[in-house]
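Asks: Sequence and predicted structure, then a few things I'm wondering about:
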Amino acid sequence: MAIKRITTSLISRNSISAIGGGIKRQIFNATSTWIPPSGTNSIQYFIVAGGGSGGARAGGGGGAGGFRAGMTPVVPGQTYTFTVGAGGAARSPGDGGPFNQGNGGSASSISGPAPFPTISATGGGGGGGITNPGFQTGGASGGSGGGGAQGDNNPAGGGSGNTGGFNPSEGNNGGDSNGSRVGGSPGGGGGGGGIGGVGESVPGPFAGTKGGNGGIGLFSTLSGANVGYAAGGGGYPHSPGNSGFGGGGGNGGAFGSGNSCGPVVAESAVENRGSGGGGAAGPIFGGAGISGAGGSGIIMITW
């Protein structure tokens, strides 16, 4: 799937640098502090929260971390904290999670001394998971929602996006799994939502053959390279070789697992992209699929 594109060109990687015209830029790949230099009265920001992991054992794709961008005043000499959210950890069957639901990502934020208003983006929702027939979860809500787990005659809905209630929206809903069996096969998992669109739902006629694609993310050249962010993870299919694609492929969300039987690990999202992890394989009884982890977030600024 194509990834939504933004054309702003501002930010470089890992350190402060000049880019001409008196503009400077910085990336925060991990939590840190920053003090605006003399004469700096505002910054432009680009915030991505951590993505959710996919659901284990026939799971839905993880939802992308929420995305925020804009401009805010700052005061020279004061200390501001840039918190970069972690991605949701991969989920293994039986590791204590509710119905093998994926782990949510953590929020990313910029905070400072009062009266500075904290600016935050919500972590992505984990993908739904399944334990036994009839015991599956929908995707969790978040910046973008996780996809619903593979259905087994019971529908599993995708999680809601934009749980922060922001305008413009920080993300989109995860895809549903309608739960009907086709030719004796349960349905595939829904795709996680992304900043550019909802996760793909798995409808009846195709429920036994593919997982839902993750919602599309966005490409940005803010880092100095054309990089994809905040895409949903792909859902798991029941049939081998038909996993849902994460939004944007390698530069976006992660692939769902492509094998319905045996210990198969779904693809994890790339760090500092804020995308969702893939939903894991595993038959309803005795499966050992491990979901893909969500990618950590990132914050980029220019001044």
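Replies: Yes, it's here. Values in this document were obtained by computation on a predicted structure and should not be read as measured data.

Asks: residue boundaries of the strands in this protein?
Replies: Taking DSSP state E, the strands of the chain run over residues 4-5, 17-18, 24-28, 32-34, 42-48, 67-73, 80-83, 108-111, 119-121, 218-220, 227-229, 298-302.

Asks: Least confident of those, on average?
Replies: Among those, strand 4-5 carries the lowest mean pLDDT, a mean of 37.

Asks: re earlier: so which of the strands of the chain gets nearest Val198?
Replies: Evaluated over these, closeness to Val198 peaks at strand 4-5, with 12.7 Å, by C-beta to C-beta. Glycine gets a C-beta too; all of them are placed from N, C-alpha and C.

Asks: for the closest residue to Asp176 other than its chain neighbours, what are its contacts?
Replies: Leaving aside its chain neighbours, Asp176 sits nearest to Ser201 (4.2 Å; criterion: C-beta to C-beta, 6 or more residues apart in numbering). If you count contacts by C-beta atoms under 8 Å, 6 or more residues apart in numbering, Ser201 has them with 148, 158, 175-178, 190-191, 212.

Asks: Farthest pair within those?
Replies: Asn178 and Gly191 (13.5 Å).

Asks: ok, those two, which is more surrounded?
Replies: Neighbours were counted for Asn178 and for Gly191 using other C-beta atoms under 10 Å; Gly191 has more, 48 against 21.

Asks: Dump the contacts of Ser201 into TSV; add pLDDT and distance to Ile110 as well.
Replies: Converted to TSV, the contacts of Ser201 look like this (pLDDT from 0 to 100; distance: C-beta to C-beta, whole Å):
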residue	pLDDT	distance to Ile110
Gly148	88	33
Gly158	91	29
Gly175	91	31
Asp176	87	34
Ser177	81	36
Asn178	74	40
Gly190	87	32
Gly191	90	30
Gly212	84	33
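
Asks: could those residues go into TSV alongside distance to Gly197?
Replies: Formatted as TSV, the contacts of Ser201 follow (distance: C-beta to C-beta, whole Å):
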residue	distance to Gly197
Gly148	16
Gly158	12
Gly175	10
Asp176	14
Ser177	18
Asn178	19
Gly190	13
Gly191	10
Gly212	12
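
Asks: Tell me how far the nearest residue in space to Asn103 that is not next to it in sequence lies from Gly295.
Replies: Among residues not flanking Asn103 along the chain, Gly88 sits closest, at 3.5 Å (C-beta to C-beta, 6+ apart). Counting by C-beta to C-beta, to the nearest Å, the separation of Gly88 from Gly295 is 9 Å.

Asks: In the stretch 51-200 of the chain, where is pLDDT below threshold?
Replies: Applying pLDDT under 70 to the stretch 51-200 of the chain flags residues 94-98, 131-135, 151-155, 179-187.

Asks: how many neighbours does Gly39 have?
Replies: Residue crowding around Gly39 was assessed by other C-beta under 10 Å; the count is 8.

Asks: With Gly158 instead?
Replies: 39.

Asks: Pull the contacting residues for the closest residue to it other than its chain neighbours.
Replies: Excluding its sequence neighbours, the residue lying closest to Gly158 (C-beta to C-beta, 6+ apart) is Gly174, at 3.0 Å. Neighbouring residues of Gly174 by C-beta under 8 Å, 6+ apart: 60-61, 63, 125, 127, 139, 144-148, 158-159, 161, 190-193, 198-199, 215, 232.

Asks: Identify the residues contacting the spatially most central residue of the chain.
Replies: The centroid of the chain falls nearest to Ala64 when counting by C-alpha atoms, centre = their mean (1.8 Å). By C-beta under 8 Å, 6+ apart, the contact set of Ala64 is 51-52, 124, 143-144, 171, 192-195, 214-215, 217, 229-232, 247, 253, 274-276.
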